[in-house]
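[1] Just need the structure, nothing else, for what follows:
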Amino acid sequence: MDSFPHLIPAVRRAFTLIELLTVIAIIGILAALVIPTVGRVRESARAAQCASNLRQINLAVKLYIEDNKGFMPASARPLLPGEKGTGTMVLWTKAVGPYLPQRGKTSTSQEHEIFVCPSAEINGKRGKDLANTYTATAAIVGLNSAGAATVTTAARSFSSIDRDRSSQIPFILEGKASNATSATTNPSRIWGSASQDMAVASHENTVHFDFRHNGRLNVAYVDGSVRAMDFPTFKTLDERTYSGLPPL
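    Presented below is the predicted three-dimensional model:
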(Lines give C-alpha, C1' and ligand atoms only; values in the text may rest on other atoms or scores of the structure.)
Protein backbone atom coordinates (compact mmCIF):
# COMPACT_ATOMS: atom_id res chain seq x y z
CA MET A 1 0.00 0.00 0.00
CA ASP A 2 2.87 2.36 0.73
CA SER A 3 3.93 1.99 -2.87
CA PHE A 4 0.64 3.46 -3.97
CA PRO A 5 0.03 6.54 -1.81
CA HIS A 6 -2.38 7.93 -4.35
CA LEU A 7 -4.75 5.12 -3.51
CA ILE A 8 -5.07 6.20 0.13
CA PRO A 9 -8.40 8.08 0.64
CA ALA A 10 -7.95 11.79 1.50
CA VAL A 11 -9.14 12.78 4.94
CA ARG A 12 -11.58 15.72 4.81
CA ARG A 13 -11.40 18.04 7.79
CA ALA A 14 -14.79 19.56 8.74
CA PHE A 15 -15.36 22.94 10.40
CA THR A 16 -15.71 22.79 14.14
CA LEU A 17 -18.70 24.32 15.89
CA ILE A 18 -16.50 27.08 17.30
CA GLU A 19 -15.24 27.98 13.83
CA LEU A 20 -18.79 28.14 12.46
CA LEU A 21 -19.92 30.35 15.33
CA THR A 22 -16.91 32.62 14.79
CA VAL A 23 -17.75 33.05 11.09
CA ILE A 24 -21.40 33.76 11.90
CA ALA A 25 -20.36 36.33 14.50
CA ILE A 26 -18.06 38.08 12.01
CA ILE A 27 -20.85 38.18 9.40
CA GLY A 28 -23.19 39.64 12.02
CA ILE A 29 -20.69 42.36 12.93
CA LEU A 30 -20.13 43.27 9.29
CA ALA A 31 -23.88 43.40 8.68
CA ALA A 32 -24.34 45.67 11.69
CA LEU A 33 -21.72 48.01 10.26
CA VAL A 34 -22.92 47.95 6.64
CA ILE A 35 -26.73 48.07 6.97
CA PRO A 36 -26.88 51.53 8.67
CA THR A 37 -24.46 52.87 6.07
CA VAL A 38 -26.63 51.56 3.24
CA GLY A 39 -29.66 53.19 4.88
CA ARG A 40 -27.88 56.53 5.11
CA VAL A 41 -26.77 56.31 1.48
CA ARG A 42 -30.32 55.55 0.36
CA GLU A 43 -31.73 58.46 2.36
CA SER A 44 -29.04 60.74 0.97
CA ALA A 45 -30.09 59.72 -2.54
CA ARG A 46 -33.75 60.34 -1.74
CA ALA A 47 -32.95 63.77 -0.28
CA ALA A 48 -31.02 64.64 -3.43
CA GLN A 49 -33.96 63.56 -5.59
CA CYS A 50 -36.26 65.68 -3.43
CA ALA A 51 -34.02 68.71 -3.93
CA SER A 52 -34.10 68.08 -7.69
CA ASN A 53 -37.91 67.94 -7.56
CA LEU A 54 -38.04 71.31 -5.83
CA ARG A 55 -35.69 72.91 -8.38
CA GLN A 56 -37.94 71.76 -11.22
CA ILE A 57 -41.13 72.89 -9.45
CA ASN A 58 -39.51 76.27 -8.77
CA LEU A 59 -38.60 76.52 -12.46
CA ALA A 60 -42.16 75.66 -13.47
CA VAL A 61 -43.46 78.46 -11.25
CA LYS A 62 -41.00 80.90 -12.83
CA LEU A 63 -42.14 79.86 -16.32
CA TYR A 64 -45.73 80.40 -15.22
CA ILE A 65 -44.81 83.89 -14.02
CA GLU A 66 -43.20 84.73 -17.35
CA ASP A 67 -46.29 83.56 -19.26
CA ASN A 68 -48.76 85.36 -16.97
CA LYS A 69 -47.53 88.95 -17.00
CA GLY A 70 -45.45 88.65 -13.86
CA PHE A 71 -48.13 87.08 -11.66
CA MET A 72 -47.58 83.91 -9.65
CA PRO A 73 -50.15 81.12 -9.63
CA ALA A 74 -52.80 81.84 -7.02
CA SER A 75 -52.96 79.47 -4.07
CA ALA A 76 -56.26 78.31 -5.57
CA ARG A 77 -58.10 79.81 -8.53
CA PRO A 78 -61.61 79.22 -9.95
CA LEU A 79 -62.04 76.87 -12.89
CA LEU A 80 -61.67 78.63 -16.22
CA PRO A 81 -64.62 78.66 -18.67
CA GLY A 82 -64.79 75.27 -20.36
CA GLU A 83 -62.21 73.74 -18.01
CA LYS A 84 -63.19 70.26 -16.85
CA GLY A 85 -63.28 69.31 -13.22
CA THR A 86 -65.64 68.15 -10.50
CA GLY A 87 -64.55 70.87 -8.11
CA THR A 88 -64.68 74.63 -8.45
CA MET A 89 -61.04 75.54 -7.71
CA VAL A 90 -57.62 74.74 -9.17
CA LEU A 91 -54.66 74.57 -6.79
CA TRP A 92 -51.37 76.27 -7.71
CA THR A 93 -49.72 72.84 -7.93
CA LYS A 94 -52.08 72.06 -10.81
CA ALA A 95 -52.08 75.53 -12.33
CA VAL A 96 -48.47 74.88 -13.40
CA GLY A 97 -49.74 71.87 -15.36
CA PRO A 98 -48.59 73.28 -18.74
CA TYR A 99 -45.01 72.86 -17.47
CA LEU A 100 -45.51 69.85 -15.17
CA PRO A 101 -48.48 67.90 -16.60
CA GLN A 102 -50.86 66.24 -14.15
CA ARG A 103 -51.24 62.46 -13.98
CA GLY A 104 -54.64 62.71 -15.66
CA LYS A 105 -56.50 64.93 -18.09
CA THR A 106 -58.88 66.83 -15.78
CA SER A 107 -58.37 69.52 -13.15
CA THR A 108 -59.07 66.95 -10.44
CA SER A 109 -56.29 64.58 -11.57
CA GLN A 110 -53.30 64.29 -9.28
CA GLU A 111 -50.31 66.54 -9.71
CA HIS A 112 -47.23 65.51 -11.65
CA GLU A 113 -45.19 62.78 -9.91
CA ILE A 114 -42.47 65.33 -9.25
CA PHE A 115 -44.62 66.81 -6.49
CA VAL A 116 -43.95 63.72 -4.35
CA CYS A 117 -40.79 63.50 -2.26
CA PRO A 118 -39.34 59.94 -2.37
CA SER A 119 -38.84 60.03 1.42
CA ALA A 120 -42.39 61.13 2.20
CA GLU A 121 -44.86 58.94 4.05
CA ILE A 122 -48.28 60.43 4.76
CA ASN A 123 -50.83 58.47 6.76
CA GLY A 124 -49.20 55.18 5.78
CA LYS A 125 -49.00 55.98 2.07
CA ARG A 126 -45.90 56.44 -0.04
CA GLY A 127 -44.85 57.03 -3.64
CA LYS A 128 -47.57 57.02 -6.29
CA ASP A 129 -50.28 56.75 -3.61
CA LEU A 130 -49.46 60.35 -2.61
CA ALA A 131 -50.66 63.40 -4.50
CA ASN A 132 -48.42 66.18 -3.20
CA THR A 133 -45.85 66.44 -0.42
CA TYR A 134 -44.72 70.06 -0.88
CA THR A 135 -46.25 73.31 0.27
CA ALA A 136 -45.78 76.93 -0.75
CA THR A 137 -44.87 79.52 1.83
CA ALA A 138 -46.64 82.83 2.26
CA ALA A 139 -44.31 84.25 -0.43
CA ILE A 140 -46.45 82.67 -3.14
CA VAL A 141 -49.95 83.20 -1.78
CA GLY A 142 -51.88 86.43 -2.24
CA LEU A 143 -51.73 89.68 -0.27
CA ASN A 144 -54.80 91.09 1.47
CA SER A 145 -55.80 94.75 1.58
CA ALA A 146 -53.50 95.32 4.55
CA GLY A 147 -50.53 93.97 2.61
CA ALA A 148 -50.27 90.78 4.67
CA ALA A 149 -49.82 87.37 3.03
CA THR A 150 -52.96 85.25 3.18
CA VAL A 151 -54.40 82.35 1.20
CA THR A 152 -56.58 83.98 -1.45
CA THR A 153 -57.80 83.40 -5.00
CA ALA A 154 -56.10 86.63 -6.05
CA ALA A 155 -52.82 86.05 -7.88
CA ARG A 156 -49.84 87.85 -6.37
CA SER A 157 -47.35 89.80 -8.45
CA PHE A 158 -43.83 88.41 -8.35
CA SER A 159 -42.59 92.00 -8.16
CA SER A 160 -44.09 92.28 -4.65
CA ILE A 161 -41.39 89.94 -3.34
CA ASP A 162 -38.27 91.52 -1.87
CA ARG A 163 -35.70 90.72 -4.57
CA ASP A 164 -32.81 91.94 -2.41
CA ARG A 165 -33.35 88.92 -0.15
CA SER A 166 -34.36 86.40 -2.81
CA SER A 167 -31.75 83.91 -1.58
CA GLN A 168 -33.20 84.09 1.95
CA ILE A 169 -36.93 83.95 1.24
CA PRO A 170 -38.33 80.39 1.27
CA PHE A 171 -40.68 79.69 -1.61
CA ILE A 172 -41.60 75.99 -1.48
CA LEU A 173 -40.81 73.41 1.20
CA GLU A 174 -41.87 70.05 2.54
CA GLY A 175 -45.24 69.64 4.21
CA LYS A 176 -47.23 67.22 6.30
CA ALA A 177 -50.74 65.93 5.72
CA SER A 178 -53.65 68.34 5.47
CA ASN A 179 -55.63 66.19 7.93
CA ALA A 180 -55.63 62.82 9.65
CA THR A 181 -56.84 60.90 6.57
CA SER A 182 -55.33 62.89 3.72
CA ALA A 183 -52.67 61.56 1.33
CA THR A 184 -51.54 65.04 0.40
CA THR A 185 -50.26 68.22 2.00
CA ASN A 186 -51.92 71.61 2.09
CA PRO A 187 -50.52 73.36 -1.04
CA SER A 188 -50.04 76.68 0.79
CA ARG A 189 -49.21 77.66 4.36
CA ILE A 190 -49.37 81.19 5.70
CA TRP A 191 -47.35 82.57 8.60
CA GLY A 192 -49.78 81.24 11.19
CA SER A 193 -48.85 77.69 10.23
CA ALA A 194 -45.14 78.42 10.41
CA SER A 195 -45.34 80.17 13.75
CA GLN A 196 -47.36 77.27 15.17
CA ASP A 197 -44.63 74.82 14.22
CA MET A 198 -41.93 77.13 15.56
CA ALA A 199 -43.51 76.92 19.00
CA VAL A 200 -43.05 73.16 19.40
CA ALA A 201 -40.05 71.60 21.12
CA SER A 202 -38.80 69.37 18.33
CA HIS A 203 -39.11 68.85 14.58
CA GLU A 204 -40.84 65.56 15.42
CA ASN A 205 -43.76 67.53 16.89
CA THR A 206 -44.45 69.84 13.94
CA VAL A 207 -47.96 69.86 12.46
CA HIS A 208 -47.54 71.53 9.06
CA PHE A 209 -43.95 71.10 7.91
CA ASP A 210 -42.06 67.83 7.58
CA PHE A 211 -38.38 67.57 8.53
CA ARG A 212 -38.30 64.17 6.88
CA HIS A 213 -34.63 64.04 5.92
CA ASN A 214 -33.00 63.12 9.24
CA GLY A 215 -34.36 66.21 10.97
CA ARG A 216 -33.98 68.51 7.96
CA LEU A 217 -36.29 69.66 5.19
CA ASN A 218 -35.46 70.85 1.70
CA VAL A 219 -36.37 74.44 0.84
CA ALA A 220 -36.62 76.05 -2.60
CA TYR A 221 -35.82 79.75 -2.34
CA VAL A 222 -37.06 82.62 -4.49
CA ASP A 223 -33.70 82.88 -6.28
CA GLY A 224 -34.05 79.27 -7.50
CA SER A 225 -31.60 77.68 -5.08
CA VAL A 226 -32.52 74.64 -2.96
CA ARG A 227 -30.94 74.08 0.45
CA ALA A 228 -31.61 71.85 3.42
CA MET A 229 -32.81 73.55 6.60
CA ASP A 230 -32.73 72.14 10.13
CA PHE A 231 -35.31 72.90 12.80
CA PRO A 232 -33.25 75.48 14.77
CA THR A 233 -32.73 77.48 11.56
CA PHE A 234 -36.42 77.19 10.71
CA LYS A 235 -37.29 78.72 14.08
CA THR A 236 -35.26 81.85 13.21
CA LEU A 237 -37.52 82.79 10.27
CA ASP A 238 -39.57 85.94 10.79
CA GLU A 239 -42.97 86.74 9.34
CA ARG A 240 -41.82 89.18 6.67
CA THR A 241 -39.07 86.90 5.38
CA TYR A 242 -41.50 83.98 5.29
CA SER A 243 -44.01 86.18 3.44
CA GLY A 244 -41.50 87.51 0.92
CA LEU A 245 -41.78 91.08 2.15
CA PRO A 246 -38.97 93.56 2.84
CA PRO A 247 -38.05 94.17 6.48
CA LEU A 248 -39.73 97.10 8.20
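
[2] who's in contact with Ala194?
    Counting by CB atoms under 8 Å, 6 or more residues apart in numbering, Ala194 touches 137-138, 208-209, 237, 242. Using the backbone N, CA and C atoms, a C-beta is placed for each residue, glycine as well.

[3] If we use 7 Å, what do you get?
    Residues near Ala194 by CB atoms under 7 Å, 6 or more residues apart in numbering: 237, 242.

[4] tell me which element it falls in.
    Using DSSP states H and E, the element containing Ala194 is helix 191-198.

[5] How about residues contacting stretch 195-210?
    Stretch 195-210 is contacted by residues 173-176, 189, 193, 211, 215, 217, 231, 234-235 when judged by CB under 7 Å, 6+ apart.

[6] ok, now how distant is Thr93 from Ala194?
    Distance, Thr93 to Ala194, using CB to CB, to the nearest Å: 19 Å.

[7] still on that earlier bit, helices or strands up against the following helix or strand past the helix holding Ala194?
    Moving toward the C-terminus from helix 191-198, the next helix or strand (DSSP H and E) is strand 216-221. Packing partners of strand 216-221 (3 or more CB pairs under 7 Å, 6 or more residues apart in numbering; DSSP states H and E): helix 17-67, strand 170-174, strand 226-230.

[8] who does the second one pair up with?
    Strand 170-174 has its sheet partners listed here by DSSP bridges as strand 134-136 (antiparallel), strand 216-221 (antiparallel).

[9] what mean pLDDT would you report for the first one?
    So the one you mean is strand 134-136. In this model, strand 134-136 carries a mean pLDDT of 94.

[10] Give me the contact list for that strand.
    With contact meaning CB under 7 Å, 6+ apart, strand 134-136 is reached by 54, 57, 92, 115, 171-175, 185-189.

[11] Output those residues as JSON lines; include the columns distance to Leu30, neighbour count and pLDDT.
    Formatted as JSON lines, the contacts of strand 134-136 follow (distance: CB to CB, whole Å; neighbours: other CB atoms under 10 Å; pLDDT from 0 to 100):
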{"residue": "Leu54", "distance to Leu30": "37", "neighbour count": "26", "pLDDT": "97"}
{"residue": "Ile57", "distance to Leu30": "41", "neighbour count": "24", "pLDDT": "97"}
{"residue": "Trp92", "distance to Leu30": "49", "neighbour count": "21", "pLDDT": "91"}
{"residue": "Phe115", "distance to Leu30": "39", "neighbour count": "26", "pLDDT": "96"}
{"residue": "Phe171", "distance to Leu30": "44", "neighbour count": "25", "pLDDT": "95"}
{"residue": "Ile172", "distance to Leu30": "41", "neighbour count": "28", "pLDDT": "96"}
{"residue": "Leu173", "distance to Leu30": "38", "neighbour count": "25", "pLDDT": "95"}
{"residue": "Glu174", "distance to Leu30": "35", "neighbour count": "25", "pLDDT": "96"}
{"residue": "Gly175", "distance to Leu30": "39", "neighbour count": "28", "pLDDT": "95"}
{"residue": "Thr185", "distance to Leu30": "40", "neighbour count": "27", "pLDDT": "89"}
{"residue": "Asn186", "distance to Leu30": "45", "neighbour count": "20", "pLDDT": "88"}
{"residue": "Pro187", "distance to Leu30": "46", "neighbour count": "26", "pLDDT": "88"}
{"residue": "Ser188", "distance to Leu30": "48", "neighbour count": "25", "pLDDT": "88"}
{"residue": "Arg189", "distance to Leu30": "45", "neighbour count": "24", "pLDDT": "89"}
